[in-house]
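Engineer: Fold the following.
(one chain, ligands or ions: 1)
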Amino acid sequence: MDLGIKDKNVLIVGASKGIGKSITIGFAQEGARITTIARSEDLLEQLNLKLKQIVDKDHTYYGADIMACDVNQLVNTIIKERGTFDIVVHNVGGSLVSRNYLGAFEEWQHALKFNAGAAIDMNKALIQPMIDKGWGRVIHISSISAQMLRGNPLYASAKAFLNAYVTTVGRSIASTGVVMSAVMPGAVAFEGSYWDTFTKTDPNRCEDFLRHHQAVGRFGTTNEIADVVLFMASEQASFMQAAIIPVAGANM
Ligand SMILES: NC(=O)c1ccc[n+]([C@@H]2O[C@H](COP(=O)([O-])OP(=O)(O)OC[C@H]3O[C@@H](n4cnc5c(N)ncnc54)[C@H](OP(=O)(O)O)[C@@H]3O)[C@@H](O)[C@H]2O)c1
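Structural biologist: This is a model prediction of the structure:
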């Protein structure tokens, strides 16, 4: 199947490792022109070299901390240098940044910003040019926690808010040619990830977790998430407005 991604101008936020890295490599394999953002410039540089080997284009990267910098300024600079984007993937997020669910709202705000707010701020500058040209794909990486409302309360709530944003905004722009959507991964392991460490340090509890919470009986791989994201970025996703797709090994 030709996904129609070749030559598209793609921005991936949170590209240096894990799921975001696999998504980025997937876009290169489809022939896209890629811009990446993350904090680890060394990892982005290595990834950029790999992307150029896959497809010879002027891929580039920006080292930035989207929790600390002025993301409006960042995105406006990137658009000026790279042009308006056809496809944006918001992958930054996670459950480890905020833990104290009995703490003040500030604690919650942090989780909200990490998992949704920073991406929303970026969309302010990214989506209107897509609407103006009548085509775009904006894909957010949510979590099955948003649906199950289990695990870290701050994380689950922040991702649930993200899902509500994707549903409501995705509907509001549905007729413009811009498709906003999300995927909800289940537990995905890769080298150096939380689940990878957990498997090594506490294999019994890990097995117990999988038996009770992920019916497939194993962790997902980053490629299993990336392949779905690539489809959602494709021409074929033209009827997937506001779709929020679980890719979760029957998480329960
Ligand atoms: N892995 C899972 O089991 C799982 C399950 C469900 C949902 N998800 C969701 O999938 C997404 C990716 O998860 P992952 O496990 O692949 O996470 P990860 O390994 O922590 O990767 C996150 C990416 O975001 C970047 N990043 C983190 N903080 C940033 C910041 N402040 N500014 C700029 N970039 C930042 C990281 O790069 P730097 O460190 O270089 O900045 C990295 O490239 C997240 O939204 C997560 O909630 C993951």
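Engineer: So which bits of the stretch 101-250 of the chain are right by the ligand?
Structural biologist: Residues of the stretch 101-250 of the chain lying near the ligand by Cβ under 6 Å from any ligand atom: Ile141, Ser143, Pro185, Ala187, Val188, Ser193, Trp195. C-beta: built from backbone N, CA, C; applies to glycine.
Engineer: Tell me who's in contact with the second one.
Structural biologist: For Ser143, the set of contacting residues under the criterion of Cβ atoms under 8 Å, 6 or more residues apart in numbering consists of Gly93, Ser95, Tyr155, Ala156, Lys159, Met184, Pro185.
Engineer: would you list those in JSON lines and tack on secondary structure?
Structural biologist: Compiled in JSON lines, the contacts of Ser143 are given as follows (DSSP: H, G, I helix; E, B strand; the rest coil):
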{"residue": "Gly93", "secondary structure": "coil"}
{"residue": "Ser95", "secondary structure": "coil"}
{"residue": "Tyr155", "secondary structure": "helix"}
{"residue": "Ala156", "secondary structure": "helix"}
{"residue": "Lys159", "secondary structure": "helix"}
{"residue": "Met184", "secondary structure": "strand"}
{"residue": "Pro185", "secondary structure": "strand"}
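Engineer: Which entry within those corresponds to the minimum pLDDT?
Structural biologist: Minimum pLDDT for the contacts of Ser143 is recorded at Ser95 (92).
Engineer: so where do the helices sit in the stretch 101-250 of the chain?
Structural biologist: Taking DSSP state H, counting those that start in this stretch to define them, one finds helices in the stretch 101-250 of the chain at 105-112, 118-133, 145-148, 153-172, 194-201, 203-213, 222-232.
Engineer: between those, which one is nearest to Thr84?
Structural biologist: Checking those against Thr84 by Cβ to Cβ gives helix 118-133 as the closest, at 3.7 Å.
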